[in-house]
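**Student:** A predicted structure for the sequence below; I have some questions about it.
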Amino acid sequence: MNLAPISVTKTTQPLPKPDANNLGFGQYFTDHMFVAKYSDDKGWYESKIVPYGPLALDPAASVLHYGQALFEGMKAFRQQNGDVALFRMEYNWKRMCQGAERLCMVAPPKELFLQGIRELVKIDESWIPESKGSALYIRPTLIGSEGFLGVRPSREYTYFIILSPVGAYYKSGLAPVNIWVEEDYTRACPGGLGNTKAAANYASSLKAAYEAKKNDYSQVLWLDTTRTYVEEVGTMNVFFVFKNEIVTPSLDGTILAGGMRDSVISVLKQWNLPIVERKIKLQEIRDGAVNGNLVEAFGTGTAAVISPVGEFAAKDWKVKINNGQMGDVTTKLYKELTDIQYGHKADTLNWIEKLK
């Protein structure tokens, strides 16, 4: 489709840049944001880049009452030669389209999604941190913005993108994290929103994560509704390295398919390592940790890239993974993926788009 030019209004009050060594995750935001609107009558219109600030919403907006909200997460990297690299944008657009279909929303067209990111990152390029391990986090978001109180899909949508310079997702960086096995709360059920990157998907996870962190666990391991099979770790996909195979739970409708999950699977296949997608029982994890068959575990996600797991614990049991140390496969994967992102290694899988 032919898109109207993106109008640009630059800020007259640039914000001070945060300390690059103390960015944390999602605490600071850049000077500008991208906003576009949709209505059934007009289609997509008013694409613009404006100074970062509040959105004007009708108090009866669909997002506030019926939860019509989707978001994506990706990153822009400052490579070693100074180039700016965007990682797997089309994967995120496709996932937003799938989520929009599930929530009866209207997803932004591909070129609107991609060009909005490109232009916004160009304008706020000076916010991209330079050290390896840091990046500019990109958060495209789609919300129902029509004001009404009947239970139906919105006829109007607002799509916006904000940017945040970030460091490590976990304060511990690459140190293995301890994970609480959640046996009371359920993240997702068959036929629900488990495979959709909807805001509601995350709202339902907050209480369990909050209680885990109060007890010094970084996140929770989510189980299926029968409390038999492993699904996700926190907001990440999870992998288990056994002596004879590497396993990640299969995508059976309750697990969100992650871009980093897909990237890890592709790399493992390139290395001719035995990666298997299948249902995996919690008991298999416990037994493997005890008898030595399970040698590593790690989570994958845009925010953390790779996060090694040092321990799983529940109310009446606890097991260490690899003596609480980061394993060889985890270490090698983290280096491979970040070397591609930061330009230390050739991108043979065409995941990188250089910002021009």
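**Tutor:** Okay, I see it.
**Student:** For the stretch 1-150 of the chain, give me the ranges with low pLDDT.
**Tutor:** For the stretch 1-150 of the chain, applying pLDDT under 70 flags the ranges 1-2.
**Student:** Show me the helices in it, by range?
**Tutor:** Counting by DSSP state H, counting those that start in this stretch, the stretch 1-150 of the chain has helices at residues 62-66, 89-102, 110-123.
**Student:** Just put those in TSV and tack on mean neighbour count and distance to W180.
**Tutor:** C-beta coordinates here come from the backbone N, C-alpha and C atoms, glycine included. Formatted as TSV, those follow (neighbours: other C-beta atoms under 10 Å; distance: least, C-beta to C-beta, whole Å):
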stretch	mean neighbour count	distance to W180
helix 62-66	20	31
helix 89-102	18	27
helix 110-123	19	35
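**Student:** which stretch among those helices comes nearest Y169?
**Tutor:** helix 89-102 (17.3 Å; C-beta to C-beta).
**Student:** Most remote residue from the middle of the chain, which is it?
**Tutor:** N291 (33.1 Å; C-alpha atoms, centre = their mean).
**Student:** pLDDT value on it, please?
**Tutor:** Reported pLDDT at N291 in the predicted model: 96.
**Student:** Tell me where the stretch 201-350 of the chain has strands.
**Tutor:** Counting by DSSP state E, counting those that start in this stretch, the stretch 201-350 of the chain has strands at residues 219-223, 230-233, 237-242, 246-248, 275-277, 294-301, 305-313, 318-320.
**Student:** distance of the nearest residue to G292 once chain neighbours are set aside from G324?
**Tutor:** Nearest residue to G292 in three dimensions, chain neighbours excluded: K243, at 7.8 Å (C-beta to C-beta, 6 or more residues apart in numbering). When distance is defined by C-beta to C-beta, to the nearest Å, K243 is 19 Å away from G324.
**Student:** Need the pLDDT of the residue nearest to E311 when sequence neighbours are not counted.
**Tutor:** Distances taken as C-beta to C-beta, 6+ apart put N178 closest to E311, at 4.3 Å, once the chain neighbours are dropped. Per-residue confidence at N178 stands at 95 (pLDDT).
**Student:** can I get the CA coordinates of the helix or strand harbouring N178 in CSV?
**Tutor:** N178 belongs to strand 177-181 when assigned by DSSP states H and E. Included here for strand 177-181 are C-alpha records, laid out as CSV according to Å, rounded to 0.1, in the frame of the first residue of the first chain:
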residue,chain,number,x,y,z
VAL,A,177,19.0,-16.9,38.1
ASN,A,178,17.0,-18.9,40.6
ILE,A,179,13.4,-19.8,39.5
TRP,A,180,10.3,-20.6,41.5
VAL,A,181,8.1,-23.3,40.1
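**Student:** What is it packed up against?
**Tutor:** If contacts are counted by 3 or more C-beta pairs under 8 Å, 6 or more residues apart in numbering; DSSP states H and E, strand 177-181 sits against strand 219-223, strand 305-313.
**Student:** now the angle between strand 305-313 and the shortest one, please.
**Tutor:** By that I understand strand 219-223. Orientation of strand 219-223 against strand 305-313 (axes from the mean of the first three to the mean of the last three C-alpha atoms, to 10 degrees) gives an angle of 80 degrees.
**Student:** Tell me the strands beside strand 219-223, with direction?
**Tutor:** Using DSSP bridges, strand 219-223 pairs in its sheet with strand 177-181 (parallel), strand 230-233 (antiparallel).
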